[in-house]
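> what follows is a predicted protein model with its sequence.
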Amino acid sequence: MSEQHIKLPEGSIEKTTTTLNLGPTHPATHGVMQNILELDGERIVSTEQTIGYIHRAFEKIAERRPLYQITPLTDRLNYCSSPINNMGWHITCEKLLGVKTPKRVDYLRIIIMELARVSDHLICNSIVGVDSGAYTGFLYVMQYRELIYEIYEEVCGSRLTTNIGRIGGFERNFNDIAFQKLEKFLKEFPKVWKEFENLFNRNRIFMERTIGAGPISADRALNYGFTGPNLRAAGVDYDVRIHSPYSSYEDFQFTVPVGTTGDCYDRFLVRNEEIWQSMSIIEQAYKKVQEFKGAEAEIYHADVPEYYLPPKKDVYTKMEALIWHFKIIMGEIDMPAGEVYQSVEGANGELGFYFISDGGRTPYRLHFRRPCFVYYQAYEELTKGAMLSDAIIVMSSLNLIAGEMDA
Amino acid sequence: MADMPEGHQGEGFFATSLNSVIGLARKNSIWPLPFATSCCGIEFMATMGSHYDLARFGSERVGFSPRQCDLLMVMGTIAKKMGPVVKQVYLQMAEPRWVIAVGACASSGGIFDTYSVLQGIDQVVPVDVYVPGCPPRPEAIIDGVMRIQDLVGKESLRRRNSQQYKALLDGYGIQ
Amino acid sequence: MSLTNEHIKQRLTEKFGEQVSAFSEPYGMLTFESPKDFNLKVLNFLFDDEELRFRFLTDLCAVHYPDKPGNELAVVYHLHNLQDNIRIRFKVYTDINKPDVYTATGLFSSANWMERETYDFYGINFVGHPNLKRILNVDEMDYFPLRKQYPLEDQSRIDKDDEMFGRGGTIGFGTEKTDHGTLTESHKTNVGNDIV
C-alpha cells in the first residue's frame, strides 16, 4: 500500500488556488468518498473525486454464488433501503426463470418496497437538515424508522440488511402483528411528516441555504445518466415504476413529483412529496391485500417448487420436496442460459441488474447498474463556482450511498 | 448514577486508589469517534437516536476530530484502499485510546473474503473489543460500549508506558 | 407509428448493412453487435436519428469470454429511448491482446466513469477517454481482477489459511490430511507468533 493515498496534483506549490481535501472520513455519516477541491478564496474552481474506499467486489463474488446466496449481497448495495434491492434481484431471477407471481405477493412486495423508499428518503432529507445545521429533524424522524424496522422484523427477522423474500414470494406470510404495526405506521406517520415539513419547507434559513445550490438542467442531467429524484427535480418525469412497471405497479394510482431547476431545494421537495405518494401507495396496497379472503389470503409465494424452498414438514415426509430442497440448497437448480436486464426504481434511481447465465449453478456475469455511481460524476459540474458550504449541501442532497457507489 | 469504588470513608473524606477514581471518571465520559463506512454506520445512527440512546453512557458528544476523542469506533467494511486512512486516524489519537470493531466486516472481513477487502482491522490497528453481527443490533453495539467501559474502568495507569504495550504497538509498526 | 424492435432492426440494417449482425431478442430486448470500429458510428446514428432517439445511456459494462479466441472481451451498451420507452442492447467484441475500443464520452457524459470502471475490471483501453485510470481498486494494482483467470480471494491473507480451517497444518487439530504445501515457512513453526 502506498504511503501517500492522497496524490497532490502537479504544480501544487506554485498555483494561486487552495487545495482542500474533503477526505474519506467525513464528519457526517455519508459514507466514504474523497473530494479534492481547488478553491479560489471561497469559490470552488474544480473538484476531483476519488471513490473505491469501500469496494467489495460484489460482481466478482456473484460469479461464485448460487442465486439465493446473492440476495444478501444485494442487501448491502443501498443499505438504507435494502428490501428494494432484494426484491429487484428476485424479480430479475423471476424474469430469467419465467416465474409468474400471484397478485397478493405483488401487493405485499409493493408495501415492503414503498416502506423502504420512505425509510431511505427519511434519512436523506434529515441528513440534509443536519448538514445545514438543523439536528432536530433527524432525531425526530429516526423514531419512525424504528417502526419501519419493526415491520421488517416481523416478516424476515432482521432490521437493516433484510435478505427479505424468495424467488416467487416471501418466506412466510405476514402475520397479524405485522399488519397491526403497519396500521400504526399509517396512522401516526403522516402527522409527524407534516411537522417535519413545517420545520423545513418554508424555513427562511433553510431556503437560503438550498435554493440555487447545485442546479442542473434537464438536458445535462439526462446526459449524465441521472435517474430517480435527482432527475425528477431537474424536470424530467422518468420513473421506472411507470415506464416499465414491475410487480403490478400498474394497478396503483400515484403521481410523480417533478421539480424545475434541479437544485438542492427542488431535490428536497421532490423527496418530501415522494414520501406522501409512497404513503398513498401503501394504503392502497394494504386495502387491496385485505380484500383477499379465505384460501387466497394464505398465498404468499408462487407455486414453483424448483426455485422456492419447500416447507419443512413436507421435506421430512414427501420425496419430491426433499429432492427440491436438496437441489436448491446445493445450487443445482436448472437455470436457462440467456441474458436479462431488469431494473427497479430504487430510492436513488434506476437500479439495474444485468444477468448473463450460461446454464450453470452461478451467474456467468452479474452487473449492477448503480444509480449513485452514475450520477456522482456530475458533482464537478454541479459545484463549479459555488461556495464551499454549498459543496457539502449538494453532496448530501444527492443522497450518495457509498456501498452502492463502490459495489 | 455510577457505583462508588471501594475505599475507606469517614467524616468529610473518602480514600481510594487514584486508579479507580480516574477509571470511574474516564469510563463515564467516553468521547467516541464514529468511523462509519457502511451498513453498520446506519445501525450506529439508530443507536445514537432516541430509541436506543448511546448518549446515556456519556457519549453525548461524538467528535469527528481524532485529536479530541478516546474511542475509535470502526463500523463497516474497511477496504484495502481505506486501511492507511484508519491507521492515520488511529495515529492521530492521543493516549489513552481504545478501538472497538463493530460488525463482522471490521472484525474479520465479514462475508467479503475478496481481494479488495481488509480481513479485519486488526491487521492495521490493535483492537480492544469486537462486536459481531451483520449488522449488530443496537443493543449489541451498546453491549460493546459497556465492555469498553469495563476495560477503561479497570485499566492500570501505567499500562500505556509498559513494555508489553510498546511491544504490541511495535507489532503493528506504530511508534 | 410506434417504434417496434422489427422497425429498429430494419433501420439499422438499411443504414449499416452487413456491419450490424447477430440480432436476437432475449426477453424482449433487441440485442445486436457490430465490429468494434463501428461502435461510435452506430451510437451516433441511434442518438441523432429523429425516429430512433436513443439518447440515454443506461449502462456500460464488459464481459470476459475466455473460450472465444479473438473475441474475448465484450463491451455491452444498454441504451434507452425515453420518449417511446424502448430499450436496446448493443455489443462490441474485442481481442484480449489488443483491447482498444473508441470511447463514448463525447456523446454521453455518463460513460466517463462507467468506462473507467470497465477499464479497472477488465483492462479495456478506451481510446480518447479524458481520464482513463483506475477508479474502484487501488491504483497500484497491476492486474485486472474480474477476468476469469484470477481468483476472488486475496491469496496472501494469513488468517483464513488451511491451518485455521482444520485442513492440515502443523498445530494438529486432529483433522490433518497431507500437507498441501500452502503454508509459508514461518507458519510451519507457530502461527501464534504472528498474532499480537
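Nice, I can see it.

> what residues of the helix or strand hosting A:Gly137 count as buried?
Element membership of A:Gly137, judged by DSSP states H and E, is helix A:136-156. For helix A:136-156, the neighbour count (16 or more other CB atoms under 10 Å in any protein chain shown) marks A:137-138, A:140-142, A:144-145, A:147-152, A:154-156 as buried. Where C-beta positions appear, they are placed from N, C-alpha and C, glycine not excepted.

> all strands of the chain, in order?
No chain was given, so I picked chain A. A:18-22, A:34-40, A:43-50, A:338-345, A:350-357, A:365-369 (DSSP state E).

> oops, chain C please
Under DSSP E, chain C gives strands at C:21-24, C:30-34, C:56-64, C:73-81, C:86-94, C:100-102, C:125-127.

> I'd like the ones you listed written out as JSON lines, with distance to chain B and mean pLDDT added.
Output for those, formatted as JSON lines (distance: least, CB to the nearest CB, whole Å; pLDDT from 0 to 100):
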{"stretch": "strand C:21-24", "distance to chain B": "33", "mean pLDDT": "88"}
{"stretch": "strand C:30-34", "distance to chain B": "30", "mean pLDDT": "91"}
{"stretch": "strand C:56-64", "distance to chain B": "16", "mean pLDDT": "92"}
{"stretch": "strand C:73-81", "distance to chain B": "20", "mean pLDDT": "92"}
{"stretch": "strand C:86-94", "distance to chain B": "24", "mean pLDDT": "92"}
{"stretch": "strand C:100-102", "distance to chain B": "25", "mean pLDDT": "91"}
{"stretch": "strand C:125-127", "distance to chain B": "22", "mean pLDDT": "92"}
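
> can you redo those strands as JSON lines with mean neighbour count and distance to chain A?
What follows is the strands of chain C, written out as JSON lines (neighbours: other CB atoms under 10 Å in any protein chain shown; distance: least, CB to the nearest CB, whole Å):
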{"stretch": "strand C:21-24", "mean neighbour count": "12", "distance to chain A": "9"}
{"stretch": "strand C:30-34", "mean neighbour count": "20", "distance to chain A": "8"}
{"stretch": "strand C:56-64", "mean neighbour count": "24", "distance to chain A": "4"}
{"stretch": "strand C:73-81", "mean neighbour count": "22", "distance to chain A": "6"}
{"stretch": "strand C:86-94", "mean neighbour count": "21", "distance to chain A": "7"}
{"stretch": "strand C:100-102", "mean neighbour count": "18", "distance to chain A": "17"}
{"stretch": "strand C:125-127", "mean neighbour count": "16", "distance to chain A": "15"}
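
> just put those strands in TSV and tack on distance to A:Gly214.
Below are those laid out as TSV (distance: least, CB to CB, whole Å):
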stretch	distance to A:Gly214
strand C:21-24	42
strand C:30-34	37
strand C:56-64	21
strand C:73-81	25
strand C:86-94	30
strand C:100-102	32
strand C:125-127	28
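
> what's the closest non-adjacent residue to A:Gly88?
Spatially, and ignoring its direct neighbours in sequence, A:Gly88 is nearest to A:Val344 (3.8 Å; CB to CB, 6 or more residues apart in numbering or on different chains).

> would you mind measuring from B:Cys105 to chain C?
14 Å (CB to the nearest CB, to the nearest Å).

> quick one, what contacts that residue?
The neighbours of B:Cys105, taking CB atoms under 8 Å, 6 or more residues apart in numbering or on different chains as the test, are B:Ser38, B:Cys40, B:Gly76, B:Thr77, B:Ile78, B:Ile111, B:Phe112, B:Val117, B:Cys134.

> phi, psi of it?
phi -70, psi -40 (degrees, to the nearest 10).

> and the residue nearest to A:Gly88, what are its bridge partners?
Going by DSSP bridges, A:Val344 is paired in beta bridges with A:Leu351.

> which helix runs longest in chain B?
helix B:138-154 (DSSP state H).

> any residue of it touching chain A?
No - Helix B:138-154 lies apart from chain A when judged by CB under 8 Å from any CB of the partner chain; the minimum separation is 8.7 Å.

> and that helix, what does it pack onto?
helix B:18-27, helix B:39-48, strand B:98-102, strand B:129-131 (3 or more CB pairs under 8 Å, 6 or more residues apart in numbering or on different chains; DSSP states H and E).

> give me every residue that touches residue 148.
Reading this off chain A. Contacts of A:Ile148 by CB under 8 Å, 6+ apart are A:Leu115, A:Ala116, A:Val118, A:Ser119, A:Phe185.

> meant chain B, my bad for not saying
Here B:Ile148 is in contact with B:Ile30, B:Leu71, B:Trp98, B:Ile100, B:Asp128, B:Val129 (CB under 8 Å, 6+ apart).

> swap the cut-off to 6 Å and go again
B:Trp98, B:Ile100, B:Val129 (CB atoms under 6 Å, 6 or more residues apart in numbering or on different chains).

> could you dump the strands of chain A to CSV with mean neighbour count?
CSV is the format used below for these (neighbours: other CB atoms under 10 Å in any protein chain shown):
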stretch, mean neighbour count
strand A:18-22, 14
strand A:34-40, 18
strand A:43-50, 17
strand A:338-345, 22
strand A:350-357, 24
strand A:365-369, 24
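
> so how far is B:Ser17 from the closest residue to chain A within chain C?
Going by CB to the nearest CB, chain A is nearest to C:Ser110 of chain C, at 2.9 Å. Plainly put, C:Ser110 is 65 Å away from B:Ser17 if you go by CB to CB, to the nearest Å.

> more neighbours: which of those two?
C:Ser110 (25 against 12; other CB atoms under 10 Å in any protein chain shown).

> distance from the longest helix seen in chain A to the middle of the chain?
Using DSSP H, we find that the single longest helix of chain A is helix A:103-131. Distance, stretch centre to chain centre, for helix A:103-131: 8 Å (CA atoms, centre = their mean, to the nearest Å).

> contacts only, for the residue in chain A that chain C sits nearest to.
Nearest to chain C in chain A, going by CB to the nearest CB, is A:Gly225, at a distance of 2.9 Å. By CB under 6 Å, 6+ apart, the contact set of A:Gly225 is A:Val374, C:Ser110.

> contacting residues for residue 63?
By default, I'm working from chain A. Applying CB under 6 Å, 6+ apart, the residues contacting A:Glu63 are A:Thr362.

> wait, I meant chain C there
A:Arg365, C:Ala74.

> ok, what's across the strand from it?
According to DSSP bridges, beta-bridge pairing links C:Val63 with C:Ala74.

> now flag whichever of the contacts of B:Ile148 is closest to A:Val315.
Set against A:Val315, the nearest of these by CB to CB is B:Val129 (40.3 Å).

> residue contacts, the spatially closest residue to that closest one that is not a sequence neighbour?
Computed as CB to CB, 6+ apart, the closest residue to B:Val129 that is not its neighbour in sequence is B:Ile100, at 4.7 Å. Applying CB under 6 Å, 6+ apart to B:Ile100 gives the contacts B:Met73, B:Val129, B:Gly144, B:Ile148.

> can you select the buried ones among these for me in PyMOL?
Buried subset of the contacts of B:Ile100, written as a PyMOL selection, criterion 16+ other CB under 10 Å:
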select buried, chain B and resi 73+129+144+148
